[in-house]
Each structure stands twice: as structure tokens, then as C-alpha cells.
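Q: what shape does this take:
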Amino acid sequence: TKIHVCAGFYDWQWKYYGYAEANGTKGPETSHYDSQDGAGSHAVFLLFQHLPAGSNTCNCEFVDDYVVEKCHMNIEECFNFNSSSDAQNAKPDYFAWARPVNVSNIDGYFCCDYNANVTGQNAVKALEQKDPSCFVK
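A: I've put the predicted structure just below:
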């Protein structure tokens, strides 16, 4: 993630503003902040509100052919931030999809938790609720 912060006079005060980008996706420009850190953290927060976007899944991890009971699935787990403060403190919030392998029209989705393991487990549980036949022993 690249963070671009600029400074200038705004309303007769020295202020900072900026934007963040990752793999070709540019987030919106921030409003004006009293500090570089404030503008930078908010820029990261704003960028991650737009990810994943198309083929830009830089905030996601993929686990292919994960098996629970007899259900083979692919898991996509992504993160964003709930606030600028969470971005500044590197406190991601996770969301995930669990999809049966070779079935594209069904998934289990869970949002959100600060614990990646809890999020992944709950996505699997959501899939089991939608498609119990996948889990038949």
C-alpha cells in the first residue's frame, strides 16, 4: 500500500490531506487533518473500504480445497478497517466466503470479526447452513 500525503494551507491553517493506493486501486482523497499521520491513517481506511475490487484482492487470502467432513471448499478471507484509528493501530476486521469446489452459485459468508480464525470458521458454518448436503458424512 502506498500512501500519498500532501500539505497546504486550508482555511488559514496548515493542514494535511492524502490518498492511498494498492495494486492500481486508488482510494478517495481524505479531508484535511492536523497531522500527517491522521491524513495517512484515514487514507488507508478509505482505500480498504473499496477493496477487494475486481481483480485487486491484495487484502485477501485464499485457501483452496479446504476440507471439512466431506465438503471440499475454497475460502476467501479479506480484511478492512472499521475506522482510521483501527488502520493506524493495524487492527484489521475480517470477512470471509466459503464456497464448495466446483459450485459457483452458493457460498457461506460471514462478517465481521477482529479474529481471522473466527471469521473463517463462521463462513464455513454459514456454508453448512446453506448447503448441508456438502457436509454429509
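
Q: for residue 111, which non-adjacent residue is spatially closest?
A: Leaving aside its sequence neighbours, residue 111 sits nearest to residue 95 (CB to CB, 6 or more residues apart in numbering; 3.9 Å). For the C-beta atoms, the positions are set from N, CA and C on the backbone; glycine is no exception.

Q: over to residue 62?
A: residue 76 (5.6 Å).

Q: can you give me the buried ones in the lengthiest helix in the chain?
A: Ranked by number of residues, the top helix in the chain under DSSP state H is helix 116-130. By 16 or more other CB atoms under 10 Å, the buried positions in helix 116-130 come out as 116, 119-124, 126-128.

Q: residues in contact with that helix?
A: Here helix 116-130 makes contact (CB atoms under 8 Å, 6 or more residues apart in numbering) with 63, 68, 71, 73, 75, 77, 79, 94-100, 106-113, 134-135.

Q: okay, the residue nearest the centre of the chain and residue 50: tell me how far apart.
A: In the chain, the residue lying closest to the centroid (CA atoms, centre = their mean) is residue 79, at 2.6 Å. Counting by CB to CB, to the nearest Å, the separation of residue 79 from residue 50 is 13 Å.
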